[in-house]
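Visitor: Predicted model follows, preceded by the sequence.
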Amino acid sequence: MAAADFKMARVLFYVQHLLGIGHQMRAAAITRAMTTIGLDVTYVTGGFTDTALDLGGVKIVQLPPVRAQDATFKTMLDEFGHPIDAAWEDRRRDALLRAYSVTAPDVLLIEGYPFARRRFRFELLPLLQAAQESGVPVAVSVRDILAAKSNPARVQEVVDIVQKNCAAVLVHGDPSLITLDKTFTAAAKIADKIRYTGYVSSPSISSARNAPTRNGIVVSVGGGAVGGALLRCALAARPLTRLRDAPWRLITGPNLPKSDQHALARSGGVTIEQFNPDFRKILSHCALSISQAGYNTVMDVLATSAPSILVPFAQDGETEQTVRAKLLARHPGFQFISEAELTPALLAATVDAVVDAPPPPKNTLNRNGAAETAKILLGLTALKH
């Protein structure tokens, strides 16, 4: 395929977020990288619209939206708050297949499936079938750490789908920190498909660790849907720390439950924001970051060299954040507290210990994942037949 053809190559990117905003943020960075190298991207979203998301001006197809009722992911709710049913699934599948037909992509990129989003196989299996029939290569986009699967039949199902339908599995991580086999036991069976892209992250910004302006505490909880407990604990820990009189900023995320929003609103002496577009700049000047261990938050911490306390979300059998936090705690600048052990006293003691520690060195993990993903997809367009 000639270089001129590459510039016009079309990508259909399917993204389904259900609770947090991490998937969206990572997908948006990849989408912007694809447009930068000239790919014509159609972004198909099955979640609720986030108007603040920067997709670089690509075409957006909004499917009938759905979200998870809670962190168990057992019940899916439509835009009216009703559980989805077979008729809803039919409408969604038809809308997705229409988008595929209209786009006529040269490559199909699917976020998560078949490693995640199995609930949506009612539309994704037909989508994969359509790609196979039209000779379009398929790539799967997954984060560095997958949710643990204890059912061998489920693991084999993933392997079968990848082997039959996928040209590449794009792992957005650095194998020097963790490889896919550590959280997906059958990785060896699909080793020929796995491509490590590096972490999806914006470029690092200069750190002010030793500058007089580097002070204060930033407490953040990603999208906020499951961050209430950490925010409440941080408020209770504040008066117990030596930094009680320093600026404390709580960034709650857009999905913090209303009950937690109301409770925080009654707190004094702290800055409380739902979202801040200068989050990285704030981190680059803070004395300490306290957060969960979601993918995007950790990337922001790494990019700014902010000393960090990680309290990973671990309810309802979730293991991803705990694995990531324990790995990073082996590196200077990170401290790990399990959600089960978290108390105001322990958090306060850890705050005092971290701010007394030497500044963390610049991290060398590969964070060029968005650009590398775009480059791989560009190459895959040559496989269309």
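Guide: Looks like it came in fine.

Visitor: contacts and neighbour counts: CA atoms only from here.
Guide: OK.

Visitor: what's the single longest helix in the protein?
Guide: helix 86-103 (DSSP state H).

Visitor: Give me the mean pLDDT for that one.
Guide: Average pLDDT, helix 86-103: 97.

Visitor: what comes up buried for it?
Guide: 92-93, 95-97, 99-100, 103 (16 or more other C-alpha atoms under 10 Å).

Visitor: mind checking how far that helix is from the chain centre?
Guide: Computed by C-alpha atoms, centre = their mean, to the nearest Å, the chain-centroid distance of helix 86-103 equals 25 Å.

Visitor: any idea which helix or strand comes after that helix?
Guide: Next in sequence after helix 86-103, counting helices and strands by DSSP states H and E, comes strand 107-111.

Visitor: list the helices and strands that next one packs on?
Guide: Judged by 3 or more C-alpha pairs under 8 Å, 6 or more residues apart in numbering; DSSP states H and E, strand 107-111 is in contact with strand 10-15, strand 138-143.

Visitor: hmm, back to that, between the buried residues of helix 86-103, which sits nearest residue 264?
Guide: Of all the buried residues of helix 86-103, residue 264 sits closest to residue 92, with 37.9 Å by C-alpha to C-alpha.

Visitor: contacting residues for that closest one?
Guide: Contacts for residue 92 were tallied using C-alpha atoms under 8 Å, 6 or more residues apart in numbering; they are 63-64, 123.

Visitor: rerun at 10 Å
Guide: Counting by C-alpha atoms under 10 Å, 6 or more residues apart in numbering, residue 92 makes contact with 46, 63-65, 86, 98, 120, 122-123.

Visitor: By mean pLDDT, flag the weakest helix or strand of the chain.
Guide: Least confident helix or strand, the chain: helix 3-7 with a mean of 45, by mean pLDDT, DSSP states H and E.

Visitor: tally of neighbours for the closest residue to residue 187 other than its chain neighbours?
Guide: Spatial nearest neighbour of residue 187, chain neighbours left out: residue 181 (5.0 Å); criterion: C-alpha to C-alpha, 6 or more residues apart in numbering. Using other C-alpha atoms under 10 Å, residue 181 is surrounded by 13 other residues.

Visitor: Ok, residue 187 next?
Guide: Quick note: residue 187 (other C-alpha under 10 Å) scores 17 neighbours.

Visitor: Return the list of helices and strands in contact with the helix or strand where residue 170 lies.
Guide: Secondary structure from DSSP H and E places residue 170 in strand 168-172. Secondary-structure packing of strand 168-172 (3 or more C-alpha pairs under 10 Å, 6 or more residues apart in numbering; DSSP states H and E): strand 107-111, strand 138-143, strand 194-196, helix 369-380.

Visitor: Could you check the angle that strand makes with strand 138-143?
Guide: 20 degrees (axes from the mean of the first three to the mean of the last three C-alpha atoms, to 10 degrees).

Visitor: ok, strand 168-172: who's next to it in the sheet?
Guide: Here strand 168-172 has these sheet partners by DSSP bridges: strand 138-143 (parallel), strand 194-196 (parallel).

Visitor: Convert the first one to PDB, retaining C-alpha atoms only.
Guide: This means strand 138-143. C-alpha atoms of strand 138-143 as PDB (Å, rounded to 0.1, in the frame of the first residue of the first chain):
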ATOM      1  CA  VAL A 138      -8.900  -6.600  13.900                       C
ATOM      2  CA  ALA A 139      -6.800  -5.300  16.800                       C
ATOM      3  CA  VAL A 140      -7.700  -5.500  20.400                       C
ATOM      4  CA  SER A 141      -6.700  -2.700  22.800                       C
ATOM      5  CA  VAL A 142      -6.100  -3.700  26.400                       C
ATOM      6  CA  ARG A 143      -4.400  -2.200  29.400                       C
END
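
Visitor: After that strand, which helix or strand is next?
Guide: Defined by DSSP H and E, the subsequent element after strand 138-143 is helix 152-165.

Visitor: Likewise for the last one?
Guide: Later in the chain than strand 194-196, the nearest helix or strand by DSSP H and E is strand 217-220.

Visitor: and that following strand, what other elements does it pack with?
Guide: helix 228-237, strand 248-251, strand 271-273, helix 279-284, strand 288-291, strand 308-310.

Visitor: Now with 7 Å, please.
Guide: strand 248-251, strand 288-291 (3 or more C-alpha pairs under 7 Å, 6 or more residues apart in numbering; DSSP states H and E).

Visitor: mind listing what the first one pairs with, with the direction of each?
Guide: Each strand that pairs with strand 248-251, with its direction, by DSSP bridges: strand 217-220 (parallel), strand 271-273 (parallel).
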